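Novice: From the sequence below, what's the structure:
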Amino acid sequence: MRYKELTVAGLAVAFRNVPGSGITRVSLGGKDAFGFDPASADFVEFVDGRQVRYTPALPAFQTDALRRALVKHSQDRILAFRGAHAIDLDYRPNTYFRPQKLERYLLSRVKGAVVRAKLQALFDAGRHSEIRALLNAEGIAMDDREALESLHPMFMGGNYLPDTEDGEVEIGRISIKSTTYDVTCVYARPDDGAICYRVVDEYGGATLQGTVEEQTDKPMSLGEFADFFLAAWPLTDVLKMNFQGDLEASLDFFSAQSEVYPDFAELCRHLVTEEFAKAKVDDLAED
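Specialist: Okay, here's the model as predicted:
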């Protein structure tokens, strides 16, 4: 892989990305001098196989300029990556309310994230005799729910979402690996030729903000859906509050799902990655 060359604060710099590592290899004066970790905006080197922080032997103004240039390079790569994957923000499903196979219908009625995943696994494996038992348990009686939750808080995830109303379906959800594995969803229902939406959480709306209900004449585009969902439940703010700029931990902390917007999960990951990169650039600009 060829090095990219540029001049930064009077320095002749060459750098390239190391595949699979997330590290940018930096060369000064024709030699591999050190690495740069875009996720933390730290210069690094490897000692006995461990990645440790490194302080370049440069004046402070050149070090800061080099850091800004490398963060900018990382941000440009993210934007190029998003463009290469061609997420169609204008994608619009024909409807949310088409007849569903029994499998899809049953899964849509299960609120708990862990139980839903187990049910999907049973469908995929063709273990139909176990599905009935799981559905009977998915009643979920209060005693059974408390028994599951006593084993691990992850079994709480999604179980406290509001019930869907008649004709209402879930069209997207975001789950986080909090202590109680919280889930936030968007529900949609037909209403006299219009579509009514609501964002719901497991805390009676306590984690939501701004506009949590909307109405449209036709299904939202992917971009409109993401804007509506992420304005009512600010994913990037939640991640910044918990991880203070740790992108890898942030991406591992949440999962997004939608049966009607196939690219929703990928879009969420791109938006988070771009926001963290932008925050790095802004922070460096203020220094």
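Novice: Can you pull the poorly scored residue ranges out of this protein?
Specialist: 1-3, 17-22, 30-32, 39, 49, 75-86, 99-116, 119, 122-158, 278-287 (pLDDT under 70).
Novice: Which segments of it make up each domain?
Specialist: For the chain, automatic domain parsing gives the domain ranges 4-85, 102-282.
Novice: Could you pull out the helices in this structure for me?
Specialist: 60-85, 102-109, 113-125, 128-137, 142-151, 222-232, 235-243, 247-253, 264-286 (DSSP state H).
Novice: From residue 96, how far off is residue 212?
Specialist: 18 Å (C-beta to C-beta, to the nearest Å). (C-beta placed from N, C-alpha, C; glycine too.)
Novice: swap in residue 210?
Specialist: Distance from residue 210 to residue 96, by C-beta to C-beta: 22 Å.
Novice: From the neighbour counts alone, determine which of those two ranks first.
Specialist: residue 96 (19 against 10; other C-beta atoms under 10 Å).
Novice: what's the closest non-adjacent residue to that one?
Specialist: Distances taken as C-beta to C-beta, 6 or more residues apart in numbering put residue 188 closest to residue 96, at 4.9 Å, once the chain neighbours are dropped.
Novice: The one you found: neighbour count?
Specialist: Other residues close to residue 188 by other C-beta under 10 Å number 25.
Novice: Check residue 56 too.
Specialist: Counted by other C-beta under 10 Å, the residues lying close to residue 56 total 16.
Novice: and it, what does it touch?
Specialist: 28, 33, 34, 43, 62, 63, 66 (C-beta atoms under 8 Å, 6 or more residues apart in numbering).
Novice: Name the nearest of these relative to residue 6.
Specialist: residue 66 (10.2 Å; C-beta to C-beta).
Novice: wouldn't that closest one be in contact with residue 8 here?
Specialist: Yes. At 5.3 Å, residue 66 counts as touching residue 8 under the criterion of C-beta atoms under 8 Å.
Novice: more neighbours, these two?
Specialist: When neighbours are counted by other C-beta under 10 Å, residue 66 and residue 8 differ, and residue 66 comes out ahead with 21 against 15.
Novice: Could you pull up the residues touching the more buried one?
Specialist: Residue 66 touches 8, 9, 11, 13, 26, 56, 58, counting by C-beta under 8 Å, 6+ apart.
Novice: now with 10 Å?
Specialist: Residues near residue 66 by C-beta atoms under 10 Å, 6 or more residues apart in numbering: 8, 9, 11, 13, 15, 26, 28, 36, 43, 56, 58.
Novice: Just give me the neighbour total for the second one.
Specialist: Here the number of neighbours of residue 9 (other C-beta under 10 Å) works out to 15.
Novice: Residue 13 is in contact with residue 26, isn't it?
Specialist: Yes. Between residue 13 and residue 26 there is a contact at 6.7 Å, judged by C-beta atoms under 10 Å.
Novice: what do those two both touch?
Specialist: Common neighbours of residue 13 and residue 26 (C-beta under 10 Å, 6+ apart) are 3, 33, 66, 69, 70.
Novice: any idea how far the second one lies from residue 212?
Specialist: When you say that, I think you mean residue 33. Counting by C-beta to C-beta - residue 33 and residue 212 are separated by 51 Å.
Novice: and if you look at the fourth one?
Specialist: Using C-beta to C-beta, we find residue 69 at a distance of 41 Å from residue 212.
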